[in-house]
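Engineer: Structure for this input, please:
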Amino acid sequence: MDLHEQYRKIRKIEWKVINAIFSEMWNYKYVPSDLISKKARLNEEETLKALKSLGGMGIVENKVVSYLGSSLTFKGITLFSLKRLVDRGKLDMLGSKMGEGKESVVYNCYSEKFGECALKFHKLGATFRKIREKRDYGDLHLSVLTVRSAGKEYRALRRLFGIAKVPEPLGWEGNAVLMELVDGKEIYKLRLEDPEEVLDSIIEEVRKMLLAGVVHGDLSQYNVLLSDDIYIIDFPQWVEVPERVSEKDEEGKSIENSEIDSYQAILEANSENWRQLLERDIENILKYFKKAYGIEKDINSVINYVLAE
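Structural biologist: This next block holds a predicted model:
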């Protein structure tokens with residue numbers, strides 16, 4: 001069953017249960033069923049019936065720990081996020097799946113407010129153990145981590161849009177980031193007519209991002225798009241360079257979901273050294289262009305250029 005069909009099947013009482021779980025998942029790995037009843041304003045029988053139905057659809061995971069508790073699955077947090085965007089008037093039609101990777105699924109979509117857009121759902125399931133070790137998220141439920149990942153990317157786009165060439169961020173709910181649809185392809189899928197010009201453009205964008213206090217953290221040929229221009233995408237691993245934070249970011253902190261500030265503080269506290277990540281980003285790009293096109297640039301010279309104020 002696809003996302004569209006699943007969305008239409010959920011009953012009003014089940015949405016209440018989903019909302020109740022989401023509201024408490026920051027405090028419980030598995031939200032107690034009696035608390036879900038209280039938050040959803042349902043009696044115990046109604047709650048248990050809804051949880052059983054949602055569990056059967058793969059939307060929640062019900063588990064007996066020292067009590068009966070429930071959490072949202074990737075499907076559940078995705079449906080919750082989709083409904084929030086619809087309810088807030090930011091999304092009117094979900095289109096087809098555009099692509100799927102280890103940590104995200106992307107759909108095209110339509111908004112009366114914004115026109116044609118892209119909707120990216122963050123997921124951390126397939127590589128969760130590796131991600132937990134690498135990013136030090138602690139003992140938190142996967143659904144919380146996907147929300148953090150989406151919120152982190154949204155903040156990066158908010159900070160960078162208008163400074164560097166990134167898709168315009170249009171909204172964030174749960175694990176979903178709504179953004180401008182860029183009609184382009186990853187550079188590794190193309191044979192570039194002027195690869196040296198593209199490489200220089202990428203280096204320039206890395207420099208602009210750094211001036212805005214952002215290091216991508218996972219930059220490669222897989223997250224650089226080429227359309228009429230280049231665009232840098234995929235920011236869940238970005239790190240902040242505190243001494244380079246621009247005034248624009250003060251506005252960027254005042255976003256729809258106030259929880260992001262606390263999420264970001266935790267993630268930044270666990271970030272790797274930004275200088276090492278910057279050098280790795282640059283090395284990845286230079287290696288690709290050397291291998292694919294025989295273009296060689298001195299990495300130290302590029303790093304020094306990017307770091308120049």
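Engineer: Quick one: low-confidence residue ranges for this protein.
Structural biologist: Applying pLDDT under 70 to the chain flags the ranges 1, 125-140, 244-272.
Engineer: And the strands in it?
Structural biologist: For the chain, the strands defined by DSSP state E cover 31-32, 60-64, 68-72, 93-100, 104-111, 115-122, 169-173, 176-180, 185-186, 214-215, 224-226, 230-232, 239-240.
Engineer: Which one, of the ones you listed, ends up nearest to Asn19?
Structural biologist: strand 68-72 (10.3 Å; CB to CB). Just so you know, the C-beta spots here come from the backbone N, C-alpha and C atoms, and that holds for glycine as well.
Engineer: Paired strands for that closest one, with orientation please.
Structural biologist: Here strand 68-72 has these sheet partners by DSSP bridges: strand 31-32 (antiparallel), strand 60-64 (antiparallel).
Engineer: need those strands in TSV with distance to Lys49, can you?
Structural biologist: As requested, the strands paired with strand 68-72 are arranged in TSV below (distance: least, CB to CB, whole Å):
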stretch	distance to Lys49
strand 31-32	17
strand 60-64	12
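Engineer: okay if I get the strands of the chain as TSV plus mean neighbour count and distance to Val86?
Structural biologist: Shown next, in TSV, are the strands of the chain (neighbours: other CB atoms under 10 Å; distance: least, CB to CB, whole Å):
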stretch	mean neighbour count	distance to Val86
strand 31-32	21	23
strand 60-64	17	20
strand 68-72	24	17
strand 93-100	13	9
strand 104-111	19	10
strand 115-122	22	11
strand 169-173	24	9
strand 176-180	25	11
strand 185-186	14	29
strand 214-215	28	30
strand 224-226	22	27
strand 230-232	20	27
strand 239-240	22	32
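Engineer: can you pull the contacts of Leu94?
Structural biologist: Leu94 makes contact with Leu3, His4, Tyr7, Leu82, Tyr107, Cys109, Leu119 under the criterion CB atoms under 8 Å, 6 or more residues apart in numbering.
Engineer: Does the fourth one touch Arg8 like I think?
Structural biologist: No. With contacts counted by CB atoms under 8 Å, Leu82 stays clear of Arg8, the gap being 11.2 Å.
Engineer: ok, the two, which is more surrounded?
Structural biologist: Leu82 (24 against 7; other CB atoms under 10 Å).
Engineer: any idea how far that one lies from Met57?
Structural biologist: 15 Å (CB to CB, to the nearest Å).
Engineer: How about Glu309?
Structural biologist: 54 Å.
Engineer: So which of those two has more stuff around it?
Structural biologist: Met57 (16 against 5).
Engineer: For the closest residue to the more buried one other than its chain neighbours, the count of nearby residues, please.
Structural biologist: Distances taken as CB to CB, 6 or more residues apart in numbering put Gln6 closest to Met57, at 6.7 Å, once the chain neighbours are dropped. Residues near Gln6, counting by other CB under 10 Å, number 17.
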